[in-house]
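Colleague: Here you go, sequence then predicted model.
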Amino acid sequence: MGAETSSAAIHSTDAEHGRVSGHKMKPFSNPYVAGFGLGLVLLAAFVIMGRGLGASGAFSSAVATAVDAVAPQHAQANEFYAGYLGEGSANPLMDWLVFEVIGIFAGGFLSAALAGRIRKTVERGPSISVRGRLVFAFAGGVLMGIGAKLAGGCTSGQALTGGALLGVGSWAFMLAVFAGGYAAAGLMRRQWR
């Protein structure tokens with residue numbers, strides 16, 4: 001417990017002074033500027049690729065490919081997987097969304113490197129353990145994945161792309177995401193104090 005507390009104190013002191021391992025960190029981007037930039041990326045995706053953004057479809061392609069590699073008969077007999085692996089279809093991993101997600105990881109890494117923010121750490125509040133934070137993060141990711149399939153897309157595909165196309169369901173989804181986020185914020189805030 002003592003080592004964990006002193007480690008947290010070191011990280012908070014380093015963060016207060018904007019340093020990671022002796023390197024000066026750049027401040028986070030202005031969220032309004034970043035949002036405007038995201039809008040330009042969405043516009044560029046429509047103009048260049050002829051389609052919008054999304055992420056959950058890339059994970060579906062990866063899962064379908066993995067299941068097909070391990071149990072091909074099951075994958076071909078399953079309606080969900082067969083949709084990705086149909087006769088004459090290209091390899092599901094050659095989908096636009098797969099390359100987009102690879103680009104997201106590469107861009108995130110490059111951005112963190114340029115800002116001097118690459119470090120091995122688990123972001124958490126003082127009232128939760130590293131293990132607890134990882135459990136909550138994993139559970140949240142699973143719930144988001146299930147929600148994305150039920151909603152017909154994730155926040156980038158359903159809200160951004162669908163919202164830009166003025167889809168009524170997408171706007172309802174976006175409003176529900178914000179309402180749910182605000183409703184849960186009070187409960188989650190306790191973990192960060």
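Modeller: Great, that's in hand.

Colleague: where exactly do the helices run in the chain?
Modeller: Secondary structure of the chain by DSSP state H: the helices cover 2-16, 31-44, 56-70, 72-77, 79-85, 96-114, 130-151, 162-164, 168-189.

Colleague: A45 - how many residues pack around it?
Modeller: When neighbours are counted by other Cβ atoms under 10 Å, A45 registers 20. No exception for glycine: its C-beta is placed from N, CA and C like everyone else's.

Colleague: Mind listing what's buried along stretch 76-95?
Modeller: By 16 or more other Cβ atoms under 10 Å, the buried positions in stretch 76-95 come out as 78, 81, 84-85, 92, 95.

Colleague: can you list those in CSV and add distance to G132 and pLDDT?
Modeller: Shown next, in CSV, are those (distance: Cβ to Cβ, whole Å; pLDDT from 0 to 100):
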residue, distance to G132, pLDDT
N78, 35, 89
Y81, 34, 85
Y84, 35, 83
L85, 39, 83
P92, 35, 76
D95, 36, 80
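
Colleague: And the residues you listed, which is closest to F138?
Modeller: Y81 (23.8 Å; Cβ to Cβ).

Colleague: Please name the nearest non-neighbouring residue to V41.
Modeller: Excluding its sequence neighbours, the residue lying closest to V41 (Cβ to Cβ, 6 or more residues apart in numbering) is L53, at 7.2 Å.
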